[in-house]
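A.B. asks: Okay, predicted coordinates and the sequence, questions at the end:
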Amino acid sequence: MTIKTIFLDRDGVINKEVGYLHKIKDFEFIDGVFDACLYFQSLSYQIIIVTNQSGIGRGYYDEDAFRIVNNWMLSQFKNQGVNILDVFFCPHNPESNCDCRKPKPGMFNQANDKYNIDMKKSWMIGDKEADVQAANAAGIQNTVLVKSGHAIDEVSSKAEFILDSIGQVKTVINN
Ligand SMILES: [Zn+2]
């Protein structure tokens, strides 16, 4: 049994990008994210979050702070009827050259080892080219970049689709 999965970046896709977010009070959901996730569920996708959290490695906040925000976020999803299967995060700073920080595919591989994912039927929705690169390296060709987070170079991007925000995904994910 394999599962098809929507991989979501967090900052800039689920919540507004504020830079090294680590407090619930700074966490603001982007319009349409709950509807989009309910839509994914209706199409029998699992939802997994893969997020670079180098603020931990940089010493801006610790893993406990991340987990507090994460648990709160998951409870908000649950209140809206959305089940997030898992959250994978990379706590390392860029200099550590770990295998998990996007654009490397480590978090996708961890997810695949744990859940046996059909990468060909799965999608990545991110706001940075590194999200697309990591997904492609993990065997995911279906990629969406949203313009609700970091600035995107639309000309050079390898993303399959570029949308204003996650609120528009119904236009490109249909089955
Ligand atoms: Zn890492």
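C.D. replies: Happy to help now that I have it. Residues are numbered from 1 along each chain as shown.

A.B. asks: So residue 45 sits against residue 7, correct?
C.D. replies: No. Residue 45 is not in contact with residue 7 according to CB atoms under 8 Å; the separation is 9.9 Å. Bear in mind the C-beta positions are built from the backbone N, C-alpha and C, glycine included.

A.B. asks: Can you pull the residues that touch both of these two?
C.D. replies: The contact sets of residue 45 and residue 7 overlap at 122-123 (CB atoms under 8 Å, 6 or more residues apart in numbering).

A.B. asks: So these two - more neighbours on which side?
C.D. replies: Applying other CB atoms under 10 Å to residue 45 and residue 7 shows that residue 7 carries more neighbours, namely 28 against 20.

A.B. asks: Who is the more buried one paired with across the strands?
C.D. replies: In this entry, residue 7 is beta-bridged to residue 48, residue 124, by DSSP bridges.

A.B. asks: Quick check: chain neighbours aside, which residue is closest to residue 109?
C.D. replies: residue 138 (6.2 Å; CB to CB, 6 or more residues apart in numbering).

A.B. asks: Residue 105: neighbouring residues, count only.
C.D. replies: Residue 105 - counted by other CB under 10 Å - has 22 other residues nearby.

A.B. asks: residues contacting it?
C.D. replies: For residue 105, the contacting residues are 134-135, 137-138, by CB under 8 Å, 6+ apart.

A.B. asks: pLDDT score for it?
C.D. replies: Looking at residue 105, its pLDDT reads 98.

A.B. asks: And it, how close does it get to residue 30?
C.D. replies: From residue 105 across to residue 30, the span is 25 Å (CB to CB, to the nearest Å).

A.B. asks: Repeat that for residue 38.
C.D. replies: According to CB to CB, residue 38 stands 15 Å off from residue 30.

A.B. asks: Settle it for me: which of these two has more neighbours?
C.D. replies: Between residue 38 and residue 30, counting by other CB under 10 Å, residue 30 is the more crowded of the two (20 against 12).

A.B. asks: Thanks a lot, catch you later.
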